[in-house]
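Asker: Okay, structure incoming, though there's no sequence with it:
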């Protein structure tokens, strides 16, 4: 069964702390997305990974294909980083469909000043 | 580009009524996705179009739901008749090259069926 598990489900931090959110999946993938959803509801794509590591500002995303695991790191966290972070995976589907992402349940991050 | 544009932002309707949600993808994108988000089930794919053709509609709940993409710049998701359990936020997203490329999401339609 194709599954995506995120941890933790809830995360509270103080401004300035280093934050890590984890995503594990069950079988081989073609791509993994990290999404951010703010309290207003809009969804923004932060990263799309198929291997290695990507960095954008204070955000870093890594993926370990062998261990079937990805992490999203936030350095020097700020209250504006408070949001829901969602991992979404495109499982290898034998070429039948390149559309169906499987989503994690999300991690609710709250950063206090 | 203005990004992915969805309308309406909010829709309140009564059970049994027809609801039509609209989406304009980013110009040049060839993939369009309709997602539904609920507290219980999170985000779920309803249907995926590639080059205006429905490729995967396995997420469409039942015959009450239908989606069309008559051209590269417009798609609709229709629910007829609507039921209270359809209440959710519906997102449209587009990309160039399927779900293996960066997705751009619209602001969503908050649907409430009374």
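Answerer: That came in fine, so what should we check first? Because the structure is predicted, anything quoted here is derived from the model rather than measured. Numbering: from 1, shown residues only, chains lettered A, B, ... in the order given.
Asker: any idea what sits nearest the most centrally placed residue in chain B, other than its immediate chain neighbours?
Answerer: For chain B, the residue nearest the mean C-alpha position is residue B:34 (3.2 Å; C-alpha atoms, centre = their mean). Nearest residue to residue B:34 in three dimensions, chain neighbours excluded: residue B:46, at 4.3 Å (C-beta to C-beta, 6 or more residues apart in numbering or on different chains). All C-beta atoms are positioned from the backbone trio N, CA, C, and that covers glycine.
Asker: ok, back up a step: how about the residue nearest to the centre of chain B, what does it touch?
Answerer: Residue B:34 makes contact with B:23, B:45-48, B:67, B:75, B:77, B:90-92, according to C-beta atoms under 8 Å, 6 or more residues apart in numbering or on different chains.
Asker: How about residue B:52?
Answerer: With contact taken as C-beta under 8 Å, 6+ apart, residue B:52 is in contact with B:69-72.
Asker: Would you check that residue A:81 makes contact with residue A:112?
Answerer: No - because the distance of 11.1 Å does not satisfy C-beta atoms under 8 Å, residue A:81 is recorded as not touching residue A:112.
Asker: So between the two, which is more surrounded?
Answerer: Neighbours were counted for residue A:81 and for residue A:112 using other C-beta atoms under 10 Å in any protein chain shown; residue A:81 has more, 19 against 11.
Asker: Now the more buried one. Its backbone dihedrals?
Answerer: Per-residue torsions, residue A:81: phi -80, psi -10 (degrees, to the nearest 10).
Asker: Can you pull the poorly scored residue ranges out of chain A?
Answerer: Where chain A drops to pLDDT under 70, the residues are A:1-2, A:93-98.
Asker: try it again with 90
Answerer: Counting by pLDDT under 90, the ranges of chain A that qualify are A:1-3, A:26-30, A:39-41, A:91-101.
Asker: now do chain B
Answerer: Applying pLDDT under 90 to chain B picks out residues B:1-2, B:56, B:58, B:61-62, B:97-101.
Asker: Residue A:10 - how many residues pack around it?
Answerer: Under the criterion other C-beta under 10 Å, the count of neighbours that residue A:10 has is 9.
Asker: what bridges to the closest residue to it other than its chain neighbours?
Answerer: Nearest in space to residue A:10, with sequence neighbours left out and distances taken as C-beta to C-beta, 6+ apart, is residue A:108 at 4.9 Å. Beta-bridge pairing of residue A:108 under DSSP bridges involves residue A:10, residue A:84.
Asker: now residue A:108: how far from residue A:43?
Answerer: Taking C-beta to C-beta, to the nearest Å as the measure, residue A:108 and residue A:43 are separated by 14 Å.
Asker: Check residue B:5 too.
Answerer: Per C-beta to C-beta, residue B:5 is found 14 Å from residue A:43.
Asker: May I have the secondary structure class of residue B:44?
Answerer: Per DSSP: H, G, I helix; E, B strand; the rest coil, the local secondary structure of residue B:44 is strand.
Asker: circling back: and the contacts of residue B:34, which of them are buried?
Answerer: If you count burial by 16 or more other C-beta atoms under 10 Å in any protein chain shown, the buried members of the contacts of residue B:34 come out as B:23, B:45-48, B:67, B:75, B:77, B:90-92.
Asker: In helices, which of those residues fall?
Answerer: Helix and strand membership here follows DSSP state H; of these, not one is in helices.
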